[in-house]
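# Need coordinates for the following:
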Amino acid sequence: MRIHFIAIGGAVMHNLAIALKNKGYHVTGSDDEIFDPSRSRLERYGLLPEEFGWNTEKISHELDAVILGMHAREDNPELIKAKELGIKIYSFPEFVYEQTKEKTRVVIGGSHGKTTITSMIIHALQASGVDCDYLVGAQLEGFELTVKLSHKAQVVVIEGDEYLTSALDRRPKFHVYKPHVALISGIEWDHKNVFPTWDNYKSQFSKFIKTIESNGTLVFCQDDKEVDEVVKKDDTPITKIPYLMPDYSLAGNNTVIHYVGEDFPMQIFGRHNMLNLNGAALVCMQIGLSRKEFYRNMQSFSGASNRLEKIREEEDMVVFRDFAHAPSKVRATVAAVREQYPENNLIAVFELHTFSSLSADFLPFYKDTMNPASNALVYFNPDVLEHKRLAPLTKNQVKTAFGGGVEVVDSASEIADYIKEKKHGKCVLLLMSSGNFGGIVSSLIHS
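Below you'll find the predicted structure:
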């Protein structure tokens, strides 16, 4: 097949492009700008466009399909020409579905935890020698790409994002995949710019359940009252399997799972990760692994990139980085680090970066989320607010919304000063953001 990518530089798009080249397809692409790591990876595989920008000469009847990236607009000249020529146009979720029609599709959904759970399942299957294809939203240790699509694998594990599919398709991505086995980890209002009300957002998960194939299976977190409510109201004729917290304990800075007389020490920690672990276990059991085999395999799992990831450890300092942006994720992450390091000076730094988090009417949902920290700092960039066309915020607004003695800065240069001022004794530094702290995240890690 000859495939052309419009907006090839996206996080998933460039991985999918490489995966298809590895599968033997002829792949080309365009984009108006591409940054690392996408740029370096595309160049390594000979897929980096010779020049940036849109070139309608790349669109011809020789193409079998065009894959449209999320940030490509409806007036994109390549897209317009593809439509004129009648070339089949896919969003990447639609194309992934087309590529996996004959496979057992496992789709992980939820407002939080889906990247980690997807990563756990992939790790466990690979450790048991089960060949699987996958699409996951973070880099995994031991895997070069975040997308794999092969001819041979009979199972595909997909992280099911609820954000929109493309400029032409306003469905949430996870409505496209039609899973045989699905999981919902939690429901908390997110993507306020797309789902303007809580009821509208929550309804997307009810619709997701309806997309599960006949006689399929839904694994769901009963510990989350919103998920439990959605599942109880659903009448889809599928198998529904709830999960709760496994039996675990802390031994020093280690977390140990206890199951039918055996202990399984884990590298990951935190109450939310223990819930994630149990959800992933139940999914793997639907594919043929036993729970013991799953726990055995998970002892070597160190986590997904940027998901409560330990990135530096010295005698008096441990540094973690986390993708936390939603209130429940911030709360869970801070609580997890505090539980694991109860005596340490915990310095928690959080960047408001998403559309929802920077909305004044959404800020109160963050109340008390950072209370377990010894020292808590919130940073926001006024330029990002302007870029997203949101009303300006004041530091006092943010401080009042968070409560609990949180300090607030609106200049990235002040973050390092804050860390240096608060650093004493045995410290844990927790950096939480879906952004990069104004481009200084690397310096913060080593501050």
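
# Just give me the longest helix of the chain.
Assignment by DSSP state H gives helix 271-287 as the longest helix of the chain.

# and it, what other elements does it pack with?
Counting contacts by 3 or more CB pairs under 8 Å, 6 or more residues apart in numbering; DSSP states H and E, helix 271-287 packs against strand 104-109, helix 114-127, strand 181-184, strand 217-221, strand 239-243, strand 254-259, helix 291-298, helix 327-340. Any C-beta I mention is one placed from the backbone N, CA and C, and that applies to glycine too.

# Now do the contacts for residue 265.
251, 254-257, 299 (CB atoms under 8 Å, 6 or more residues apart in numbering).

# between the helices and strands packed on helix 271-287, which gets nearest to residue 59?
Residue 59 sits nearest to strand 104-109 of all the helices and strands packed on helix 271-287, at 30.3 Å, using CB to CB.

# How far off centre is the closest one?
Offset of strand 104-109 from its chain centre (CA atoms, centre = their mean, to the nearest Å): 14 Å.

# cool, stretch 272-292 as well?
18 Å.

# Okay, buried residues for that stretch please.
Across stretch 272-292, burial judged by 16 or more other CB atoms under 10 Å covers 272-287, 289, 291.

# care to break this structure down by domain?
Per automatic domain parsing, the structural domains of the chain span 2-87, 95-298, 309-445.

# As CSV, those with mean pLDDT would be great.
Shown next, in CSV, are those (pLDDT from 0 to 100):
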stretch, mean pLDDT
domain 2-87, 95
domain 95-298, 94
domain 309-445, 92
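
# which ones are touching the closest residue to residue 124 other than its chain neighbours?
In this structure, residue 124 finds its nearest non-sequential neighbour in residue 297, 4.4 Å apart by CB to CB, 6 or more residues apart in numbering. Contact analysis of residue 297 by CB under 8 Å, 6+ apart lists 123-124, 127-128, 289.

# now with 10 Å?
Counting by CB atoms under 10 Å, 6 or more residues apart in numbering, residue 297 makes contact with 120, 123-128, 264, 284, 289.

# Report the buried residues of stretch 65-75.
For stretch 65-75, the neighbour count (16+ other CB under 10 Å) marks 65-72 as buried.

# so how far is that stretch off the chain centroid?
In terms of CA atoms, centre = their mean, the centre of stretch 65-75 is set 21 Å apart from its chain centre.

# May I have that stretch exported as PDB, CA atoms only?
Output of stretch 65-75 as PDB, limited to C-alpha atoms (Å, rounded to 0.1, in the frame of the first residue of the first chain):
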ATOM      1  CA  ALA A  65      -5.000   6.200   1.400                       C
ATOM      2  CA  VAL A  66      -4.300   9.400   3.200                       C
ATOM      3  CA  ILE A  67      -4.100   9.500   7.000                       C
ATOM      4  CA  LEU A  68      -5.100  12.800   8.500                       C
ATOM      5  CA  GLY A  69      -3.400  14.100  11.700                       C
ATOM      6  CA  MET A  70      -5.400  15.800  14.400                       C
ATOM      7  CA  HIS A  71      -3.700  19.200  14.000                       C
ATOM      8  CA  ALA A  72      -4.400  19.400  10.200                       C
ATOM      9  CA  ARG A  73      -7.200  21.800   9.500                       C
ATOM     10  CA  GLU A  74     -10.200  21.300   7.200                       C
ATOM     11  CA  ASP A  75      -8.700  23.900   4.800                       C
END
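
# And the helices in the stretch 301-447 of the chain, which stretches?
Secondary structure of the stretch 301-447 of the chain by DSSP state H, counting those that start in this stretch: the helices cover 327-340, 382-387, 395-402, 413-422, 441-445.

# now, of the ones you listed, which is deepest in the fold?
Most buried of the helices of the stretch 301-447 of the chain by mean neighbour count (mean count of other CB atoms under 10 Å) is helix 327-340; its value is a mean of 22.
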